[in-house]
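Asks: just the structure for this:
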Amino acid sequence: MTITQDDIKALTPIERQQLLTILWDVIEEDDYKDNLPDESVEEIKLLNERIEEYNRDPTSAIPFEEALKRLIN
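Replies: Now for the predicted structure:
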């Protein structure tokens, strides 16, 4: 099965977030973390915290385009 960027772009924002959550849950179940450097483990922990925050309050997030503008300016 091949999923393209266009397939993902065709999803609603909520469907994309659900897909991301499902993918992340599957990745977390793998044993890959046993071979990661400490820095990567900390980054994963931070990402999980941010996902939990988003799930508690979706209004806490900003669109990617807005985040990109803030980074550029």
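Asks: distance between the ends of stretch 24-37?
Replies: Between the opening and closing residues of stretch 24-37 lies a distance of 19 Å (Cα to Cα, to the nearest Å).
Asks: need the residues that contact that stretch.
Replies: Stretch 24-37 is contacted by residues Val41, Ile44, Leu47, Asn48, Ile51 when judged by Cβ atoms under 8 Å, 6 or more residues apart in numbering. In this view, the C-beta of every residue, glycine as well, is placed from N, C-alpha and C.
Asks: got a ChimeraX select line for the buried ones in those?
Replies: Selection of buried members from those for ChimeraX, criterion 16 or more other Cβ atoms under 10 Å:
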select :44
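Asks: so what's the predicted local confidence for Lys33?
Replies: As predicted, Lys33 sits at a pLDDT of 64.
Asks: which strands or helices does the top helix by length along the chain pack on?
Replies: When the chain is parsed with DSSP state H, its longest helix is helix 38-56. Packed against helix 38-56 by the contact rule (3 or more Cβ pairs under 8 Å, 6 or more residues apart in numbering; DSSP states H and E) you find helix 13-29.
Asks: now the angle between helix 38-56 and the helix it packs on, please.
Replies: For helix 13-29 against helix 38-56, the angle by axes from the mean of the first three to the mean of the last three Cα atoms, to 10 degrees is 140 degrees.
Asks: any idea how far helix 13-29 is from the chain center?
Replies: Remark: helix 13-29 is offset 7 Å from the chain centroid, using Cα atoms, centre = their mean, to the nearest Å.
Asks: with stretch 15-33 instead?
Replies: Using Cα atoms, centre = their mean, the offset of stretch 15-33 from its chain centre is 8 Å.
Asks: try stretch 27-40
Replies: On Cα atoms, centre = their mean, the centre of stretch 27-40 falls 16 Å from the chain's centre.
Asks: please apply the same query to stretch 42-52.
Replies: 9 Å.
Asks: cheers, nothing more for now.
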